[in-house]
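Q: sequence first, predicted coordinates after that:
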Amino acid sequence: MSSVSSHPQSLKRHGISRRQLYENLFLVCGFMATLIGILMMLALVASLAHDGIARIAPDFFANFPSRHSEKAGILAAWVGSLLVILVTALTSIPIGIAAAVYLEEYAGQNWLTEIIEINVANLAGVPSIIYGLLALGLFVYQFGFGNSILTAGLTLALLILPIIIVATREAIRSIPSSLRDAAYAMGATRWRMIADHLLPYSSPGILTGVIIGLSRAIGETAPLITIGALTFIAFLPPAPVQTEFPFISFAWLGSPFTVMPIQMFNWVSRPDPAFQQNAAAAGLVLLLMTLAMNGFAIALRYRLRKSLVW
Amino acid sequence: MNTATARTRPDPLPNPMAIDSIKIAARQIEVYYGSKRALHGIDLDIYAKSVTALIGPSGCGKSTFLRCINRMNDTIATCRTTGEVLLDGENIYDSAVDVVRLRARVGMVFQKPNPFPKSIYDNVAYGPRIHGIAKSRAQLDEIVQESLERASLWKEVKDRLNDLGTGLSGGQQQRLCIARAIAVSPEVILMDEPCSSLDPIATAKVEELIGELMENYTIIIVTHSMQQAARVSQRTAFFHLGDLVEVGDTEKIFTNPQDERTHGYITGRFG
């Protein structure tokens, strides 16, 4: 009798310890998986910093590339990156938001809308070099923009457009319909409702999408090499602000350029190990640029969200 | 006569002169959601400067009817309305009618308080701004103060007009929504269960407010609470399954209903 009654007991206890074992096993596995991400990131930054920190000095930012590794700098690259991203932001943000607002608020539920939606989703998955080929044919040769900052900015804008559209649509969808009703009941037209309510309230979400998109664009290399970005450049584009009338010049849009990742790529492919140090330093700067953009976005989003309660 | 309160004044229904005081006349209103017919040819007269309560079980079409009066159903893609709603004799479904102007004349307060996530001031100033009512900042300030005073909210918020409207309590938010609605001086105010998400004290405040607003506005209120209908309204319309079953003097509807269904509903046998 006793053995019969004790048998299920021991079985139960055995079952519990086994379950606890699995529980703990998964905990360890999960923790390890999380660590991989963190450790990789730390290793990456540490390695770049170890190799490149010695090169981080004012000269490095103020010098053009050079045959001598110790004189070489990233002036052309960071100015180029900044100007290309400026063009990208100025074109992709308004177009992306407008497209998202149209799809969410104006487009009817018909086959055309569905085709557009499927296409937008697919565009997000197109390899970036394909955009480079498109830009080479369209912007460089067809429109005659040449291998310029304008071409590069527009190419990257196309690349990140789906990201901005998808993020903006999500942000718009998250606004409670009761607020739309309130605006309409006050006599707002659709456009007023969008401008006064939808866009301001969805701005944190839109901002997140924009920053994710721009962070991706600033690190893109393949499409820019395809459209003919230079790898060795010893001049700056014409300044956008002139001392003579009309003071503002758009000549820089047509200027040849290079960007940070291409500069890095160029240095990495050199045999002289001193250039590897330059590449690491440039990588560190690029990483910091991206992190700074993300940090700025998070701070701004936090500020905007504080005032949005419903 | 001056001392007589609004609530005890004689019901205008039996008086032939009452035709003059019909503010809204619905004629054969039918509403379809897709192929489903939600309202079956409603004919209903709403009297000016009085409170009309729409009661009935859930899904009976009373909110749908309310939303016909400021054409809010237009914002629902699958919704189609036929028939006429005459506001001061003019059909608001006429193609020449500007919905923006209509909604300035017919304001609305919703079931759940829905202030904009903007400041208290901007919430109230929104209507006057989009309709270009105020000529100057001083005039806008005046409209905001007057609207908040009429909504019995001024004393509570006058020192924090720049705080977020969404930071107020539920009852205050609903009164803010009422202030927002009356800031454009509408002629009619539609209220869709305005107290259903409020506690009893906030409800009492809003009901008291409705009694005051009746002096200047025509009010139509949808409510699930029959006590509320009895407390605030002069006329009551009972809806059931998309039909207008009975309409009349509130006292008569609650004490001597003519229709069996009305009787069943107000005595709590269904609903």
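A: Good, I have the coordinates. Numbering: from 1, shown residues only, chains lettered A, B, ... in the order given.
Q: enumerate the residues of chain A near chain B.
A: Chain A comes close to chain B at residues A:108-109, A:176, A:178-189, A:192, A:196-197, A:201, A:307-310, as judged by C-beta under 8 Å from any C-beta of the partner chain. (Each C-beta comes from the backbone N, C-alpha and C, glycine too.)
Q: please see if the helix or strand encompassing B:Gln174 touches chain A.
A: Per DSSP states H and E, B:Gln174 falls inside helix B:170-182. Yes. Counting by C-beta under 8 Å from any C-beta, chain A has neighbours in helix B:170-182: B:177, B:180-181.
Q: most neighbours among these, please name it.
A: B:Arg180 (30 neighbours; other C-beta atoms under 10 Å in any protein chain shown).
Q: residues in contact with that one?
A: Applying C-beta atoms under 8 Å, 6 or more residues apart in numbering or on different chains, we find B:Arg180 in contact with A:182, A:186, B:115, B:123-124, B:126-127, B:147.
Q: A:Asp272 against A:Ser69, yeah?
A: Yes. With contact defined as C-beta atoms under 8 Å, A:Asp272 reaches A:Ser69; the gap is 6.0 Å.
Q: which one's more surrounded, these two?
A: Taking neighbours as other C-beta under 10 Å, A:Asp272 and A:Ser69 compare with A:Ser69 leading, 17 against 12.
Q: show me what contacts the more buried one?
A: By C-beta under 8 Å, 6+ apart, the residues touching A:Ser69 are A:272, A:274-275, A:277-278.
Q: Serialize the residues you listed to TSV and add fields for pLDDT and secondary structure.
A: Converted to TSV, the contacts of A:Ser69 look like this (pLDDT from 0 to 100; DSSP: H, G, I helix; E, B strand; the rest coil):
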residue	pLDDT	secondary structure
A:Asp272	84	coil
A:Ala274	83	helix
A:Phe275	86	helix
A:Gln277	86	helix
A:Asn278	86	helix
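Q: could you give me the PyMOL syntax to select whichever of those are buried?
A: Buried residues among these (16 or more other C-beta atoms under 10 Å in any protein chain shown), as a PyMOL selection:
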select buried, chain A and resi 275+277+278
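Q: nearest to A:Thr208 among the contacts of A:Ser69?
A: Nearest to A:Thr208, judged by C-beta to C-beta, of the contacts of A:Ser69 is A:Asn278 at 33.3 Å.
Q: the closest one and A:Ile56 touch, don't they?
A: No. Using C-beta under 8 Å, A:Asn278 makes no contact with A:Ile56, being 10.4 Å away.
Q: how about B:Thr81: what's its closest non-neighbour residue?
A: Once flanking residues are discounted, B:Thr81 sits nearest to B:Val31: 5.1 Å by C-beta to C-beta, 6 or more residues apart in numbering or on different chains.
Q: shouldn't the one you found be within a strand?
A: Yes. Under DSSP: H, G, I helix; E, B strand; the rest coil, B:Val31 sits within a strand.
Q: how many other residues sit next to it?
A: With other C-beta under 10 Å as criterion, B:Val31 counts 23.
Q: and it, bridged to which residues?
A: For B:Val31, the beta-bridge partners are B:Leu39, B:Thr81 (DSSP bridges).
Q: how much space between it and B:Asp43?
A: As judged by C-beta to C-beta, to the nearest Å, B:Val31 and B:Asp43 stand 14 Å apart.
Q: interface residues of the stretch 1-150 of chain B facing chain A?
A: For the stretch 1-150 of chain B, the residues in contact with chain A (C-beta under 8 Å from any C-beta) are B:70, B:72, B:75, B:77, B:99-104, B:107-108, B:110, B:112, B:114-117, B:126-127, B:130-131.
Q: go with 10 Å
A: B:67, B:70-72, B:74-75, B:77-78, B:98-119, B:122-123, B:126-131 (C-beta under 10 Å from any C-beta of the partner chain).
Q: which of those fall in strands?
A: B:106-109 (DSSP state E).
Q: got these as JSON lines, with pLDDT, neighbour count and distance to A:Pro246 columns?
A: Output for those, formatted as JSON lines (pLDDT from 0 to 100; neighbours: other C-beta atoms under 10 Å in any protein chain shown; distance: C-beta to C-beta, whole Å):
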{"residue": "B:Val106", "pLDDT": "94", "neighbour count": "26", "distance to A:Pro246": "53"}
{"residue": "B:Gly107", "pLDDT": "94", "neighbour count": "27", "distance to A:Pro246": "51"}
{"residue": "B:Met108", "pLDDT": "95", "neighbour count": "25", "distance to A:Pro246": "52"}
{"residue": "B:Val109", "pLDDT": "95", "neighbour count": "26", "distance to A:Pro246": "54"}
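Q: among those, which one lies nearest to chain A?
A: Comparing these against chain A with C-beta to the nearest C-beta places B:Met108 closest, at 4.0 Å.
Q: who does B:Ile46 bridge with?
A: B:Ile24.
Q: test my guess that it contacts B:Ile24.
A: Yes. Proximity of B:Ile46 to B:Ile24 meets the contact threshold set by C-beta atoms under 10 Å, at 4.0 Å.
Q: quick one: which helix or strand includes A:Phe245?
A: Here A:Phe245 sits in a region with no helix or strand, counting by DSSP H and E.
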